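1. Task: produce atomic coordinates for the following.
(one chain, ligands or ions: 1)
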Amino acid sequence: MADSLRSVIDRLSKAGELRHVTKEVDARYISALLVKADKPLVFERVRGFDFPVVGGLYWTRQRLAAALGWPEAELGLRFPQGIERMVDPVLVDKAPSQEVVRTGADVDLTTLPIPFLGEKDGGPFISAGVVLAHDEEQGCVNAGVYRMMYRSPRQTSIDLVTVSDLRRSYERAFQRKEPLPITVSIGAHPYEILSAAFKAPPGVSELKIAGGLHGSPVRTARAKTSDVPVLADCEVVLEGEIAPIGWTVDEGPFGDFAGMYTELRWNPVFNIKAITYRKDAVFQVIQMPWENAWLGAAATEAQVWEVLKRAGVSVAAVRVTEGSMCRFSVLAAIRKRAGGGKNALMAILSLPDTKHAIVVDEDVDISDPVQVESALTFRVQADRDVIIIQDAQAKHIDPSVRAWELPKGELPVTAKMGIDATIPERVPPSHYERIRPAFLNEVNLDQII
Ligand SMILES: Cc1cc2nc3c(=O)[nH]c(=O)nc-3n(C[C@H](O)[C@H](O)[C@H](O)COP(=O)(O)O)c2cc1C
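-> Residues are numbered from 1 along each chain as shown. Take a look at the predicted model:
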């Protein structure tokens with residue numbers, strides 16, 4: 001059996017890291033139950049639907065690492081291996097994801113258990129789809145993850161507000177007044193989702209990176225209604241076209257990955273021509289905000305490792321912070337040479353999404369907020385160790401950049417901050433020796449109690 005989401009579900013079930021809910025549930029409660037659960041859930045019976053639902057697989061760092069089968073600390077080290085060892089996808093004739101084919105009038109999104117994710121969302125959202133499209137300019141198949149809001153049984157909207165490869169392909173099709181054929185593969189293996197959520201270098205298909213992570217080609221099949229590929233081993237596929245209507249349809253609000261609602265937006269629509277699925281398909285839900293946030297963490301950490309290495313910094317560990325939704329603030333532990341703390345900060349802050357960076361010495365455990373705060377307190381002099389950069393590239397999603405005040409089409413800017421929390425130059429490290437209780441190794445509690 002090819003590696004797939006269902007093989008991951010099987011593995012996690014056997015390890016006791018996923019719970020099966022056998023009681024019938026109302027689809028309205030899926031999101032709330034996923035957020036309340038201490039493990040990912042498979043809802044075996046969803047009232048009124050023939051599809052079980054899986055969700056919560058990537059809700060925490062630990063769950064993402066378990067699903068990927070990687071050690072938690074190595075997210076940013078494992079992901080680049082996919083880029084280093086890329087493998088071309090293959091086209092197969094018989095795809096499990098096409099065992100059942102519904103086209104034309106048989107296409108009906110209301111047969112899928114698509115839940116409301118956030119209380120104030122504008123509608124139910126499909127959140128776990130890998131969108132494939134031909135990218136003529138780059139000469140490859142582009143893969144990205146895009147949310148889709150339910151509009152009617154054969155139509156969703158698609159969020160193409162942010163600059164992306166798919167948006168660029170759509171802009172070209174729109175200029176020619178032609179629809180853009182796409183496929184949406186729901187319930188893909190975590191390597192496929194992780195790669196699709198990553199911005200691959202120009203001309204590189206994210207499917208090759210996923211192949212590199214698997215160590216074998218990603219299996220694709222030809223769509224039933226176009227020449228765009230689909231993921232052969234996913235659970236459910238939507239095929240169709242993004243209509244050449246431009247950004248004209250109201251979409252949202254949406255509880256986005258930053259943990260806040262994005263306001264109503266204008267977006268194009270996706271008209272669905274076929275739905276295909278496995279005979280016993282499971283419908284996947286990626287619950288906002290943490291599943292989306294953590295899926296971006298591996299790529300962010302990989303980028304930080306990369307820029308630090310290129311800057312000649314010896315890196316011991318890298319972590320995104322949770323409060324920054326695993327993206328905007330970064331911690332790095334380094335083996336410092338004189339001036340290395342500042343060099344590291346300049347390198348990390350050159351990344352477009354990084355707003356705040358903290359660099360500490362290797363002896364500080366960056367997975368422990370108390371140790372990081374201790375370094376911030378005792379290794380930092382704010383007048384010497386804080387770097388502030390004005391007017392750098394920003395993301396709309398950060399309310400503090402006040403993007404809504406800008407004239408239409410203008411992009412927001414942000415201030416960036418770096419804190420060098422390494423032991424200052426000319427302070428002897430011996431001043432930081434940690435207290436150890438006297439005779440620590442000479443006595444044990446069980447000898448006394
Ligand atoms: C669960 C999830 C949902 C996402 N939804 C969107 C979205 O609706 N719109 C968007 O522009 N990016 C979204 N992204 C981020 C894109 O997938 C990411 O930027 C990707 O690199 C875009 O690929 P492309 O530029 O190759 O098309 C999402 C990511 C994840 C993990």
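
2. Which residue, other than its chain neighbours, is closest to the residue nearest the centre of the chain?
-> With distances taken as CA atoms, centre = their mean, residue 295 lies nearest the centre of the chain, 2.6 Å away. Spatial nearest neighbour of residue 295, excluding adjacent residues (CB to CB, 6 or more residues apart in numbering): residue 197 at 5.1 Å. Bear in mind the C-beta positions are built from the backbone N, C-alpha and C, glycine included.

3. ok, back up a step: any idea how far the residue nearest to the centre of the chain lies from residue 65?
-> Residue 295 is 12 Å from residue 65, where distance means CB to CB, to the nearest Å.

4. Residue ranges of each domain in this structure, please.
-> As recorded under automatic domain parsing, the domains making up the chain are 5-291, 311-432.

5. Can I get these in TSV including mean pLDDT and mean neighbour count?
-> Shown next, in TSV, are those (pLDDT from 0 to 100; neighbours: other CB atoms under 10 Å):
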stretch	mean pLDDT	mean neighbour count
domain 5-291	97	19
domain 311-432	96	17
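
6. Would you mind giving the ones you listed as TSV with distance to residue 446 added?
-> Listed next are the domains of the chain as TSV, based on distance: least, CB to CB, whole Å:
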stretch	distance to residue 446
domain 5-291	29
domain 311-432	27
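
7. Mind telling me which residue of this structure is nearest the ligand?
-> Closest to the ligand within the chain is residue 144: 2.7 Å, counting by CB to the nearest ligand atom.

8. Output the contacting helices and strands for whichever strand or helix holds that residue.
-> Residue 144 is located in strand 140-145, with elements delineated by DSSP states H and E. Secondary-structure packing of strand 140-145 (3 or more CB pairs under 8 Å, 6 or more residues apart in numbering; DSSP states H and E): strand 129-135, helix 165-175, helix 190-196, helix 206-214.

9. so which of these comes closest to residue 437?
-> helix 190-196 (43.7 Å; CB to CB).

10. CA atoms of that closest one as PDB?
-> C-alpha atoms of helix 190-196 as PDB (Å, rounded to 0.1, in the frame of the first residue of the first chain):
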ATOM      1  CA  PRO A 190       1.300  15.000   5.600                       C
ATOM      2  CA  TYR A 191       4.400  15.200   3.400                       C
ATOM      3  CA  GLU A 192       2.200  16.400   0.500                       C
ATOM      4  CA  ILE A 193       0.400  19.000   2.600                       C
ATOM      5  CA  LEU A 194       3.700  20.200   4.200                       C
ATOM      6  CA  SER A 195       5.400  20.600   0.800                       C
ATOM      7  CA  ALA A 196       2.300  22.300  -0.800                       C
END
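
11. now for it, which elements pack on it?
-> By 3+ CB pairs under 8 Å, 6+ apart, helix 190-196 packs against helix 61-68, helix 75-84, strand 129-135, strand 140-145, helix 206-214, helix 290-310.
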